[in-house]
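> give me a model of this one.
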Amino acid sequence: HQQYLKKHLINIKQTLTVQEYTSKFRNLSKQVEKIYEADKILNFIEGLKLATKAEISYCVSKSLEEEIHLATIFNTMIYNIGKIGHQVLRESKVNNLKINILENIETTPIELDKTKVKKFQGYKK
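Numbering: from 1, shown residues only. Modelled structure (predicted):
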């Protein structure tokens, strides 16, 4: 039974709204025993529609709830503003959304490879 639930959790896809997908995903994930939060996040992202997945997959979330929140905000902005038909408004809202999302998520800088840094420091024009 657990194998079936895990397989279904991996294969579930968003077909309509994020809210509907989230509801189904939460219901399934609560039934699966011994699943890591990171696996829940990965499975949730993989099941999203491509546009939403592309926008939020670069954000590093610490919890499934944070990922759900980002997906919900993004979908609300895209699909509600898209109905207005003002492309400039849509683009500015999306850009502001990206900034707001990034400001609210803690990011960890990537450590640079020290050998590459030394190589560039020795370069003279």
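> so, low pLDDT: which residues of the chain?
When residues are selected by pLDDT under 70, those of the chain lie in 79-125.
> show the subsequent helix or strand relative to the helix or strand encompassing Ala51.
Secondary structure assigned from DSSP states H and E places Ala51 in helix 50-56. Using DSSP H and E, the helix or strand that follows helix 50-56 in sequence is helix 64-84.
> tell me which other helices or strands that next one touches.
Using 3 or more C-beta pairs under 8 Å, 6 or more residues apart in numbering; DSSP states H and E as the contact criterion, the elements in contact with helix 64-84 are helix 18-31, helix 37-47, helix 50-56, helix 87-103. Using the backbone N, CA and C atoms, a C-beta is placed for each residue, glycine as well.
> secondary structure class of the closest residue to Glu20 other than its chain neighbours, three-state.
Closest residue to Glu20 apart from its sequence neighbours, by C-beta to C-beta, 6 or more residues apart in numbering: Gln14 at 7.8 Å. Secondary structure, DSSP: H, G, I helix; E, B strand; the rest coil: Gln14 is coil.
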